[in-house]
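Engineer: Mind folding the following:
(one chain, ligands or ions: 1)
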Amino acid sequence: MKIGVLGAGISGLSIAKILKKTFDVEVLEKNPVCGGIARTTDVDGVAYHTIGGHCFNSKYEDVLSFVFDEVLPKSEWNKVIRKSKIKFQNYEIDYPIEFSIKQIYEHDKELAQRLTIDFFKADDNGKYENLDEWFRKKFGNSFAEEYFIPYNSKIWNNDPKKMSYLWVEDKLPIPNKDSFFEGLISNMRDKMSHSEFYYPKTNNQNTFIEALAKDTAIKYNYKVESIKYDNSSKKWIINDTDHYDLIINTTPLDQFIGTLANAPENIQSAAKKLKKNGVSNILWKTKETDKTWTYIPNQKYLFHRYIHIGSFWNPKQNYSISEVIGQHSVEEMTKVGQQDDFLIEPIAHSVSDYAYVVFDENYDVTTRAIKEYLEEAGLHTLGRFGEWQYYNMDVCIKKAIDLSKKIIEKQF
Ligand SMILES: Cc1cc2nc3c(=O)[nH]c(=O)nc-3n(C[C@H](O)[C@H](O)[C@H](O)COP(=O)(O)OP(=O)(O)OC[C@H]3O[C@@H](n4cnc5c(N)ncnc54)[C@H](O)[C@@H]3O)c2cc1C
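Structural biologist: Have a look, this model is predicted:
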């Protein structure tokens with residue numbers, strides 16, 4: 001069986017690596033390099049994540065063994081302890097905010113009391129109309145209004161009242177009343193998988209990407225533009241030239257649907273309703289810091305996050321990435337950055353179209369219709385934009401492991 005994998009990001013590279021042990025696999029990638037969103041680019045010897053800043057860890061044992069046993073040995077990774085902060089009001093507290101009541105109390109006793117009382121008063125009946133209500137019922141009105149709603153309005157560029165809450169599990173620590181109380185009387189922190197994480201010892205994420213791509217057949221500079229099924233040969237034909245028995249898509253779902261010759265009108269229009277945000281980033285030379293990243297909920301300040309990428313490296317260096325949703329020019333971002341004397345000098349700037357899937361009110365209906373159609377057509381789709389999900393790299397790998405098992409089981 002010959003399999004065509006569309007896209008050489010983390011998802012495409014992972015599934016190709018697994019399936020090539022059993023099948024003839026070819027990856028088609030529009031860019032001259034692999035790695036997709038997770039790739040870095042060299043800026044005067046500094047590995048710049050043009051989108052975000054990628055730390056790796058996972059709660060899934062099979063993902064950890066795939067990465068450490070088959071891709072890049074654990075001895076080739078630095079382990080980094082997360083030290084993330086929130087610029088809250090006019091001071092800094094530790095992330096996550098719900099375990100930082102003592103720190104808030106040192107600055108503002110009334111607010112700390114109100115956050116606490118409202119947390120215990122919150123009535124979580126398990127029914128939520130939207131993301132705004134989810135925050136209120138999980139954390140109480142004060143946490144919702146002082147932090148979660150402003151921060152999330154900023155990073156989604158959308159009103160949480162018009163958003164689904166379905167992406168939050170695994171993305172945020174979600175305390176219950178017991179763990180919140182424990183946080184008040186002890187130094188307990190969250191147990192999210194990224195509370196400690198791994199970064200390649202070369203201080204460059206591309207080391208991981210290149211190890212993942214090693215020995216896989218990848219056709220670079222190959223943009224998939226049309227896909228049709230030939231009933232007589234029972235093969236998928238890509239760009240009228242390449243023939244495959246099976247196709248696994250990892251390219252963005254909205255564009256992928258557009259390449260399918262026979263996708264019905266209702267599926268084409270569902271694909272047009274899919275919403276996503278791009279990001280603009282600047283790499284800065286900065287003052288010294290031991291933080292790994294900083295969240296900035298203040299809606300008057302353009303950037304929503306600093307990723308202190310230099311703290312992922314060993315030895316540490318003074319570089320951070322500032323991130324903002326949407327397209328913003330280097331001039332605008334530089335001017336904003338000058339308000340913060342921590343950011344010394346802009347080194348590089350980048351803008352991307354695809355960074356975050358937006359879980360708006362159409363999300364459920366549109367993604368379900370598209371996925372049902374693809375399943376019926378016998379097409380697999382995988383990955384952050386392939387499944388239109390808020391996946392980290394490890395979840396992309398997990399989904400690749402699970403899908404490859406299904407494909408192998410079906411074949412034998
Ligand atoms: C700001 C930000 C920060 C992040 N931070 C982290 C983090 O710290 N840790 C973590 O684990 N994850 C993080 N992630 C998530 C991580 O980047 C993704 O989960 C992962 O990289 C997605 O991989 P993918 O292969 O599914 O998609 P992509 O990387 O988008 O790969 C798709 C590939 O398809 C190619 N392609 C597109 N169209 C075509 C076409 N027509 N023909 C051929 N090829 C095509 C693209 O060039 C690309 O190479 C972050 C993401 C963002 C946006």
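Engineer: Could you use CA atoms for every contact and neighbour count after this?
Structural biologist: OK.
Engineer: Identify the residues contacting the host helix or strand of residue 62?
Structural biologist: Using DSSP states H and E, the element containing residue 62 is helix 61-65. Applying CA atoms under 8 Å, 6 or more residues apart in numbering, the external contacts of helix 61-65 come out as 57, 58, 394, 397, 398, 401.
Engineer: and that helix, which residues are buried?
Structural biologist: Neighbour counts over helix 61-65 (16 or more other CA atoms under 10 Å) mark 63, 64 as buried.
Engineer: I'd like to know the average pLDDT value across it.
Structural biologist: The average pLDDT for helix 61-65 rounds to 98.
Engineer: Partner strands of the helix or strand that it is followed by, with direction?
Structural biologist: Downstream of helix 61-65, the next assigned helix or strand under DSSP H and E is strand 77-81. Each strand that pairs with strand 77-81, with its direction, by DSSP bridges: strand 196-200 (antiparallel).
Engineer: Residue 148 touches residue 135, doesn't it?
Structural biologist: Yes - using CA atoms under 8 Å, residue 148 is in contact with residue 135, at 6.8 Å.
Engineer: Quick check: buried residues in the strand or helix carrying residue 396?
Structural biologist: Residue 396 belongs to helix 393-411 when assigned by DSSP H and E. For helix 393-411, burial by neighbour count (16+ other CA under 10 Å) applies to 393, 394, 395, 396, 397, 398, 399, 400, 401, 403, 404.
Engineer: Burial check on the spatially closest residue to the first one that is not a sequence neighbour, number of neighbours?
Structural biologist: Distance criterion CA to CA, 6 or more residues apart in numbering; nearest residue to residue 393, sequence neighbours excluded, is residue 10 at 6.5 Å. Around residue 10 there are 29 other residues, counting by other CA atoms under 10 Å.
Engineer: quick one: residue 10 and the ligand, what's the gap?
Structural biologist: 4 Å (CA to the nearest ligand atom, to the nearest Å).
Engineer: if we can go back for a sec, ok, residue 148 and residue 135, which is more surrounded?
Structural biologist: Just comparing residue 148 and residue 135: by other CA under 10 Å the higher neighbour count belongs to residue 135, 24 against 21.
Engineer: The more buried one: what secondary structure?
Structural biologist: Put simply, residue 135 is helix when judged by DSSP: H, G, I helix; E, B strand; the rest coil.
Engineer: Residue ranges of each domain in this protein, please.
Structural biologist: Domain assignment of the chain by automatic domain parsing yields the ranges 2-36+203-275+359-411, 97-189.
Engineer: For the stretch 1-150 of the chain, which segments count as strands?
Structural biologist: All strands of the stretch 1-150 of the chain, identified by DSSP state E, counting those that start in this stretch, fall at 2-6, 24-28, 40-43, 46-49, 77-81, 84-88, 91-94.
Engineer: Quick check: mean pLDDT of the first one?
Structural biologist: The reference is to strand 2-6. Mean pLDDT, strand 2-6: 98.
Engineer: Likewise for the second one?
Structural biologist: Confidence for strand 24-28, expressed as mean pLDDT, is 98.
Engineer: Give me the contact status of that strand with the ligand.
Structural biologist: Yes - Strand 24-28 is in contact with the ligand by CA under 6 Å from any ligand atom, via residue 28.
Engineer: coming back round to it: so the helix holding residue 62, near the ligand or not?
Structural biologist: No - judged by CA under 6 Å from any ligand atom, helix 61-65 stays clear of the ligand, getting no closer than 11.4 Å.
Engineer: any idea how far that helix is from the chain center?
Structural biologist: Distance of helix 61-65 from its chain centroid, counting by CA atoms, centre = their mean, to the nearest Å, is 19 Å.
Engineer: got the CA positions of it in PDB?
Structural biologist: Output of helix 61-65 as PDB, limited to C-alpha atoms (Å, rounded to 0.1, in the frame of the first residue of the first chain):
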ATOM      1  CA  GLU A  61       3.600   7.300  28.100                       C
ATOM      2  CA  ASP A  62       3.500   6.100  24.500                       C
ATOM      3  CA  VAL A  63       4.400   9.600  23.300                       C
ATOM      4  CA  LEU A  64       7.300   9.900  25.700                       C
ATOM      5  CA  SER A  65       8.600   6.500  24.600                       C
END
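Engineer: how close does residue 84 get to residue 195?
Structural biologist: Distance, residue 84 to residue 195, by CA to CA, to the nearest Å: 9 Å.
Engineer: re the thing from before, wait, the residue nearest to residue 393 touches residue 391, no?
Structural biologist: No - judged on CA under 8 Å, residue 10 makes no contact with residue 391 at a distance of 10.9 Å.
Engineer: Return only those of the buried residues of helix 393-411 found close to the ligand.
Structural biologist: When contact is defined as CA under 6 Å from any ligand atom, these meet the ligand at 393, 394, 396.
Engineer: Among the residues you listed, which one lies nearest to residue 333?
Structural biologist: residue 393 (27.5 Å; CA to CA).
Engineer: What parts of the protein come near the ligand?
Structural biologist: Residues of the chain lying close to the ligand (CA under 6 Å from any ligand atom) are 6-12, 28-31, 34-38, 51-56, 222-225, 250-251, 355-356, 383-385, 391-394, 396.
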